[in-house]
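[1] Next comes the sequence, and after it the predicted model I'd like to discuss.
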Amino acid sequence: MATIAPTARPLVKVRGVSHSYGRSGATGQVLENVDLTLDEYEIVGLLGRSGSGKSTLLRSIAGLIRPSEGEVVLLPDASGRAPSVSMVFQTFALFPWLTVLQNVELGLEAQRVPPAERRTRALAAIDLIGLDGFENAYPKELSGGMRQRVGLARAIVVNPSLLLMDEPFSALDVLTAETLRTDLLDLWSEGRMPIKSILIVTHNIEEAVLMCDRILVFSSNPGRVAAEITVDLPQPRDRLDPPFRALVDAIYAQMTARPVALPGKDGLFPGTGITMSLPIVSTNAMAGLIEEVDAAPFNGNASMAELADSLQLEIDELFPIAETLQLMRFADLSGGDVKLTPASRQYANADVDRRKAIFAQALLAHVPLAQHIRRILDDRSSHEAPARRFRDELEDHMSEDYADQTLRAVTHWGRYAEVFAYDEDRDLFSLDNPM
């Protein structure tokens, strides 16, 4: 891979960008005061979980949305020409009624490139990304990897200075994604693409270390640049090399560190008390992670990187499970490791009824909303309460979507633990199946 030369010029400057959706407040703000400079001859990764504002920032740079605050400046080159931008999406975004050639030609057609030149450039791009012979095929005839190659050809055929990639490999199977990543890096390092810089959104830590010269780690609620990491490893990179593994472990440690912030402003789960916003994590997923860490070779203490490898989970899947276990005092997260507490080790070796009892005790002790629902049910002579009551309380402090998600999460956990029952048809909590 090419490295940043001393004469490399900045292509993009992002200055104080913030962005909010819907009503104001912490849950509506997805980006807060983000600064970023993107130079020529580098691949930069935006790494973080879903909801940390990475894709919003990417779309702001592409000009698809206007940020609520701040600015995105595309800097002219030595000739005074502003850089051009192309984007590759996660979901391919191909027109199913057009052939491969016609899909690739779309951007050139929009630029009013003459038909003969358009065809020549499109064919060259198709050949470059390894789809020669499939020019007349339709998207339905192609595999996922081949369709993403078409998306890449469509992006590079317009000769962009900057290539934006929004989780371009996440919809692909592991082997296909690895092949496409390698091919893209080869094209980049050999200088066979007109692109001067690549900005890629990912929530795969190994992918970021494998591809990028710099990694910007985003926190959530709202999205901010929590850390900037320079990757000095030479290309091609080997996932099994100790320096590679050490950097991956260091990033896991960075992303699992407890942030220092004002209460309710940032953290594992934003909000305080009953208004803590919770993720939907199934009890089966929690039990599975406890069992995995409890068993050999981990024996109660595992690194997040090793767990991600053994369970084939990305950070969007692994982190919410581990952090929910920490919330309920079933695990401690420190330095990128998951260490089970005595309660969770008891849970791992208990029968079904004992597991429910251990979970119920943790739920009522450490999840304020579960405590609140149970207390209301205990205090009422009917031992019933409409779910709307609790939903309204949550919506006073968070968006409707977050309120619904939080209540659904606690409902699932409470039903499993038999702390309370829920009738979906009546949208009603009760003690029909009390502890």
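    Happy to help now that I have it.
[2] quick one: average pLDDT of the longest helix along the chain?
    As far as residue count goes, and with DSSP state H defining each element, the longest helix of the chain is helix 400-417. Mean pLDDT, helix 400-417: 90.
[3] now stretch 218-236
    When pLDDT is averaged along stretch 218-236, the result is 86.
[4] ok so, going back, buried ones in the longest helix of the chain?
    By neighbour count with 16 or more other Cβ atoms under 10 Å, helix 400-417 contains the buried residues 402, 403, 405, 406, 407, 409, 410, 411, 413, 414, 416, 417. Heads up, the C-betas are built off the backbone N, CA and C, glycines and all.
[5] neighbours of the residue nearest to the second one when sequence neighbours are not counted, just the number please.
    In this case it means residue 403. Beyond its immediate neighbours in the sequence, the residue positioned closest to residue 403 (Cβ to Cβ, 6 or more residues apart in numbering) is residue 394, lying 3.7 Å away. By the measure other Cβ atoms under 10 Å, the count of residues near residue 394 is 23.
[6] Residue 394 touches residue 408, doesn't it?
    No - between residue 394 and residue 408 no contact is recorded; they are 11.0 Å apart, counting by Cβ atoms under 8 Å.
[7] Spatially nearest residue to residue 333, not counting backbone neighbours?
    With sequence-adjacent residues excluded and distances taken as Cβ to Cβ, 6+ apart, residue 333 is closest to residue 256, at 4.7 Å.
[8] Check residue 134 too.
    Leaving aside its sequence neighbours, residue 134 sits nearest to residue 100 (Cβ to Cβ, 6+ apart; 5.3 Å).
[9] Can you give me every residue that contacts that neighbour?
    Taking Cβ atoms under 8 Å, 6 or more residues apart in numbering as the contact definition, residue 100 lies against 126, 131, 134, 135, 136, 137, 138, 139, 142, 150.
[10] Among the residues you listed, the buried ones, what's the PyMOL command?
    Remark: buried members of the contacts of residue 100, expressed as a PyMOL selection using 16+ other Cβ under 10 Å:
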select buried, resi 126+131+134+135+138+139+142+150
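[11] that older thread, show me what the longest helix of the chain packs onto, helices and strands only.
    Applying 3 or more Cβ pairs under 8 Å, 6 or more residues apart in numbering; DSSP states H and E, we find helix 400-417 packed against helix 283-294, helix 352-366, helix 368-379, helix 387-395, strand 421-423.
[12] by contact count, what packs against the third one?
    By that I understand helix 368-379. Of the remaining helices and strands, those touching helix 368-379 by 3+ Cβ pairs under 8 Å, 6+ apart are helix 352-366, strand 384-386, helix 387-395, helix 400-417, strand 428-430.
[13] Minimum distance to residue 107: which of those has it?
    The closest approach between residue 107 and any of the helices and strands packed on helix 368-379, judged by Cβ to Cβ, belongs to helix 400-417 at 34.2 Å.
[14] angle of that closest one against helix 368-379?
    For the pair helix 400-417 and helix 368-379, the angle between their directions (axes from the mean of the first three to the mean of the last three Cα atoms, to 10 degrees) equals 60 degrees.
[15] quick check, distance from helix 400-417 to the centre of its chain.
    In this view, helix 400-417 has its centroid 22 Å away from the chain centroid, taken as Cα atoms, centre = their mean, to the nearest Å.
[16] just stretch 226-237 next, same as before
    Taking Cα atoms, centre = their mean, the mean C-alpha location of stretch 226-237 is offset from the chain mean by 19 Å.
[17] who's in contact with that stretch?
    Outside stretch 226-237, the residues within contact range by Cβ under 8 Å, 6+ apart are 1, 182, 185, 189, 209-210, 212-219, 241, 243-244, 247, 250-251, 254-255, 259.
[18] Please repeat the previous calculation with a cut-off of 7 Å.
    Contact with stretch 226-237 is made by 1, 185, 189, 209-210, 212-219, 243-244, 247, 251, 254, as judged by Cβ atoms under 7 Å, 6 or more residues apart in numbering.
[19] What of stretch 349-369?
    Outside of stretch 349-369, the residues within contact range by Cβ under 7 Å, 6+ apart are 273-274, 276, 327-330, 343, 346-347, 370-371, 374, 406, 410, 413-414, 416-419, 435.
[20] Any chance of a PyMOL selection covering the buried ones in these?
    In PyMOL, the members of the contacts of stretch 349-369 classed as buried (16+ other Cβ under 10 Å) are selected with the following command:
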select buried, resi 274+276+327+328+330+343+347+370+371+374+406+410+413+414+416+417+418+419
